[in-house]
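[1] Have a look; sequence and predicted model below, questions after that.
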Amino acid sequence: MNGPGSERWDGGPTRCPRCGQPAHPADRFCESCGAAMATLATVAIPRAGRTGGACADCGGPVADDGYCTVCGQLRAEPDRDEATLGGIAVVTDRGISHARNEDAAAAGILTPVPDSLDRPPHALAVVVCDGVSSSINPQVASAAAAQAGVASILDSLSGSRDATAAMFAGLADAARAAAQPEPRTGIAGSCTFTAVIVIPAAGGTATVTIGNVGDSRSYWLPDPPAVPQQLTVDDSLAQELISAGAAAQSEAVLRGAHTLTRWLGADSEPTPWAETSVRTLTVTGPGVLVVCSDGLWNYLPEAGAIREFCTDADLLAVARALTDFALQSGGQDNITVAVIPIGGTS
């Protein structure tokens with residue numbers, strides 16, 4: 001049901017719910033009276049899990065810094081964290097072999113107000129970052145880049161519908177955040193970055209803008225019989241060799257599978273992306289976008305194989321099932337999976 005002074009959203013202009021003046025769908029505030037036109041909600045994982053509860057060693061209370069006040073032991077981070085935001089589901093897991101989770105993810109949604117209006121979000125953004133284990137403090141870089149990327153993207157979209165410009169703004173701010181030294185050691189880490197911006201439109205379609213630096217990936221998985229596809233191209237030595245004509249299963253390609261040619265943070269280029277790192281397409285649902293670190297695609301590299309897990313209407317269950325498959329297949333890396341619905345799911 002439409003509110004006073006508003007009109008049904010169809011991808012065109014809307015009106016301020018307070019004064020009725022025309023406004024652009026991307027506006028967060030009315031230029032006439034200053035009323036809020038959209039709200040912003042975000043989530044980031046893994047969340048700090050060191051505070052609260054009892055010490056696993058002695059049962060004593062854990063202080064805000066994560067250390068037990070009785071025996072002094074540092075509380076371990078949980079192996080898994082998960083979150084939902086709107087229709088988005090995100091799961092991150094330490095995996096089996098790594099001592100810590102160096103992945104991170106963030107998601108955000110711009111939603112029209114009043115919330116009772118029958119219209120989709122103005123826009124949503126999801127970022128997944130995978131810390132580069134050979135760097136110092138990769139988990140700090142990935143968390144900072146994921147959160148800065150989403151914040152910058154949605155801030156840009158709040159004043160413009162230019163998703164390409166918003167993605168480049170997100171990349172720039174994520175790169176700056178990843179390159180910041182960790183306060184305790186004074187050393188910066190590095191990470192990959194893959195992100196999607198979704199701007200819903202009428203008729204179950206959406207404009208999807210993809211940004212990528214490194215070898216985390218994004219996939220578009222429409223319901224059958226439509227063809228699923230990988231949306232990103234890895235910035236890796238393996239991909240460069242394949243582009244030069246090497247066989248995908250050749251020894252040289254397999255050796256270079258996780259040798260990055262681009263990344264964010266420590267020792268990266270000042271602008272570690274190209275114009276081709278960002279692209280936009282229109283998709284028609286029903287289907288889902290999957291954004292993930294290589295902890296998943298190491299075991300499920302093909303889009304069609306991932307889609308086989310996406311039959312459940314509960315997208316958190318889908319993200320959990322994909323994560324569990326990676327664990328059961330070896331779990332040699334941290335695993336992060338975000339699942340985003342487009343046009344409803346079957």
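    Received, thanks.

[2] pretty sure Cys55 contacts Gly72?
    No: Cys55 is not in contact with Gly72 according to CB atoms under 8 Å; the separation is 9.2 Å. Heads up, the C-betas are built off the backbone N, CA and C, glycines and all.

[3] of those two, who's got more company?
    Taking neighbours as other CB atoms under 10 Å, Cys55 and Gly72 compare with Cys55 leading, 18 against 11.

[4] Contacts only, for the more buried one.
    Shown in contact with Cys55 (CB atoms under 8 Å, 6 or more residues apart in numbering): Pro61, Val62, Cys68, Val70, Cys71, Gln73, Arg75.

[5] Then Pro46?
    Glu77, Pro78, Asp81, Thr92, Asn101, Asp103, Ala104, Ala143.

[6] what pairs with Thr194 across the strands?
    With DSSP bridges as the criterion, Thr194 is bridged to Val128, Asn212.

[7] how much space between it and Ala177?
    16 Å (CB to CB, to the nearest Å).

[8] contact partners of stretch 307-321?
    Counting by CB under 8 Å, 6+ apart, 82, 84, 87-91, 221, 224, 228, 288, 290, 300, 322, 325, 337-341, 345-346 sit against stretch 307-321.

[9] 6 Å instead?
    The contact list for stretch 307-321 (CB atoms under 6 Å, 6 or more residues apart in numbering) reads Thr84, Ala89, Val91, Leu221, Pro228, Val288, Leu322, Val337, Val339, Thr345.

[10] Am I right that the third one sits in a strand?
    Right, the one you point to is Val91. Yes: assigned with DSSP: H, G, I helix; E, B strand; the rest coil, Val91 falls within a strand.

[11] Who does it form a beta bridge with?
    Glu82, Val337.

[12] still on that earlier bit, sitting in strands, which of the contacts of Pro46 do you find?
    Members of those lying in strands (criterion: DSSP state E): Asp81, Thr92, Asp103, Ala104.

[13] my read: Gln139 touches Val132, true?
    No: using CB atoms under 6 Å, Gln139 is not in contact with Val132; the gap is 10.4 Å.

[14] Counting neighbours, go ahead and name the busier of those two.
    Set Gln139 next to Val132 and count neighbours by other CB under 10 Å: Val132 wins out with 25 against 21.

[15] With adjacent residues omitted, what lies nearest to that one?
    Ser190 (4.3 Å; CB to CB, 6 or more residues apart in numbering).

[16] residue contacts, the one you found?
    Val132, Ser135, Ala141, Trp263, Gly265, Ala266.

[17] Would you mind giving these as CSV with secondary structure and pLDDT added?
    Shown next, in CSV, are the contacts of Ser190 (DSSP: H, G, I helix; E, B strand; the rest coil; pLDDT from 0 to 100):
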residue, secondary structure, pLDDT
Val132, coil, 93
Ser135, coil, 90
Ala141, helix, 96
Trp263, coil, 94
Gly265, strand, 94
Ala266, coil, 88
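
[18] That's all I had, so thanks and see you.
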